[in-house]
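Asks: Okay, sequence plus prediction incoming.
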Amino acid sequence: MLVVICLCTALVWDLRDNWQVAACVGSAVAMHVSTLVRRLECKLPNYNV
């Protein structure tokens, strides 16, 4: 997934300055890491009722 983030950033590299690219990559990596390390929760009984 990190490769996809880097490829997408490379495509728009010319449209942004260095600070915008750093902010975009930093936020994308932070969201990706937070998704990977989140704790899964079990469904409550009678969840579909």
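Replies: Thanks, I have it.
Asks: Tell me the spatial nearest neighbour of V25, not counting adjacent residues.
Replies: For V25, ignoring the flanking residues on the chain, the nearest one in space by Cβ to Cβ, 6 or more residues apart in numbering is T9 at 5.4 Å. Any C-beta I mention is one placed from the backbone N, CA and C, and that applies to glycine too.
Asks: ok, that neighbour to H32 distance?
Replies: Going from T9 to H32 by Cβ to Cβ, to the nearest Å gives 13 Å.
Asks: coming back round to it: list the contacts of the residue nearest to V25.
Replies: Contacts for T9 (Cβ atoms under 8 Å, 6 or more residues apart in numbering) come out as 21, 24-25, 28.
Asks: Distance of it relative to K43?
Replies: 36 Å.
Asks: do V3 as well
Replies: 33 Å.
Asks: Equivalent analysis for C8, please.
Replies: For C8, the distance to K43 - Cβ to Cβ - is 34 Å.
Asks: Flag every buried residue along the longest helix along the chain.
Replies: Of all the segments of type helix in the chain, defined by DSSP state H, the longest one is helix 18-37. If you call a residue buried by 16 or more other Cβ atoms under 10 Å, then helix 18-37 has these buried ones: A28.
Asks: So which elements touch that helix?
Replies: Secondary-structure packing of helix 18-37 (3 or more Cβ pairs under 8 Å, 6 or more residues apart in numbering; DSSP states H and E): helix 2-11.
Asks: and with 6 Å instead?
Replies: When contacts are defined as 3 or more Cβ pairs under 6 Å, 6 or more residues apart in numbering; DSSP states H and E, helix 18-37 packs onto no helix or strand at all.
Asks: Can you dump the C-alpha atoms of it in CSV for me?
Replies: What follows is helix 18-37, C-alpha atoms only, in CSV (Å, rounded to 0.1, in the frame of the first residue of the first chain):
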residue,chain,number,x,y,z
ASN,A,18,7.9,20.5,-1.4
TRP,A,19,5.8,21.4,1.7
GLN,A,20,2.6,20.3,0.2
VAL,A,21,4.1,17.0,-1.0
ALA,A,22,5.5,16.4,2.5
ALA,A,23,2.2,17.1,4.1
CYS,A,24,0.3,14.9,1.7
VAL,A,25,2.7,12.0,2.1
GLY,A,26,2.8,12.4,5.9
SER,A,27,-0.9,12.4,6.3
ALA,A,28,-1.3,9.4,3.9
VAL,A,29,1.3,7.4,5.8
ALA,A,30,-0.3,8.4,9.2
MET,A,31,-3.7,7.3,8.1
HIS,A,32,-2.4,4.0,6.7
VAL,A,33,-0.4,3.2,9.8
SER,A,34,-3.4,4.1,12.1
THR,A,35,-5.6,1.8,10.0
LEU,A,36,-3.1,-1.1,10.3
VAL,A,37,-2.6,-0.8,14.1
